[in-house]
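Visitor: give me a 3D structure for the following:
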Amino acid sequence: MKTLSRRAARERILRWLFQRDFRPVSNDELAHEDPYVREVAAGVSAKQPEIDRLIAQRAESWRLERLHTVDRNILRLAIYELLYREDIPPEVVINEAVELAKKYGGEHSPAFVNGILDRIWKEVRKKESA
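Guide: The predicted structure is shown next:
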């Protein structure tokens with residue numbers, strides 16, 4: 001099995017998350033994927049209720065289900081990496097999420113994704129320093 005770059009792995013995870021919003025998709029479908037893809041996809045699935053609450057609390061005036069599907073799933077992936085992957089610097093997580101939003105989202109997606117992730121990261125840092 002070929003090891004993917006982190007960017008390619010994130011794109012694969014995003015596609016899987018996107019599909020999952022429209023039809024039942026099992027983690028088993030990722031059995032032959034890169035280890036990072038399997039691990040992060042499983043992590044997002046396991047933490048999705050918590051991650052979705054974080055998104056909903058910060059996406060002012062927008063219900064979670066009304067968010068653009070791509071934006072919602074970029075946020076799910078990035079929040080998982082931000083909160084549960086200590087091996088990735090927060091600046092890298094946010095930058096990669098913004099790049100995915102530029103490539104796959106709408107005109108306002110990069111700014112929206114950046115704003116939500118920046119708020120979450122600032123809140124996390126504030127709690128850690130307290």
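Visitor: find me the pLDDT at the residue most central in space within the chain, would you?
Guide: The centroid of the chain falls nearest to Leu77 when counting by CA atoms, centre = their mean (1.6 Å). Here, the pLDDT recorded for Leu77 equals 98.
Visitor: tell me the secondary structure at it.
Guide: Here Leu77 is recorded as helix under DSSP: H, G, I helix; E, B strand; the rest coil.
Visitor: report how many residues lie close to the residue nearest to it when sequence neighbours are not counted.
Guide: Of all residues not flanking Leu77 in the chain, Ile13 sits nearest, at 5.6 Å (CB to CB, 6 or more residues apart in numbering). For glycine as for every other residue, the C-beta is placed from the backbone atoms N, C-alpha and C. Neighbour count of Ile13, defined by other CB atoms under 10 Å: 29.
Visitor: list the helices and strands the helix or strand Ala101 falls within packs on?
Guide: In this structure, Ala101 sits in helix 90-104 according to DSSP states H and E. On a contact count with 3 or more CB pairs under 8 Å, 6 or more residues apart in numbering; DSSP states H and E, helix 90-104 meets helix 6-20, helix 69-84, helix 109-129.
Visitor: and among those helices, the most buried is which?
Guide: helix 69-84 (a mean of 23; mean count of other CB atoms under 10 Å).
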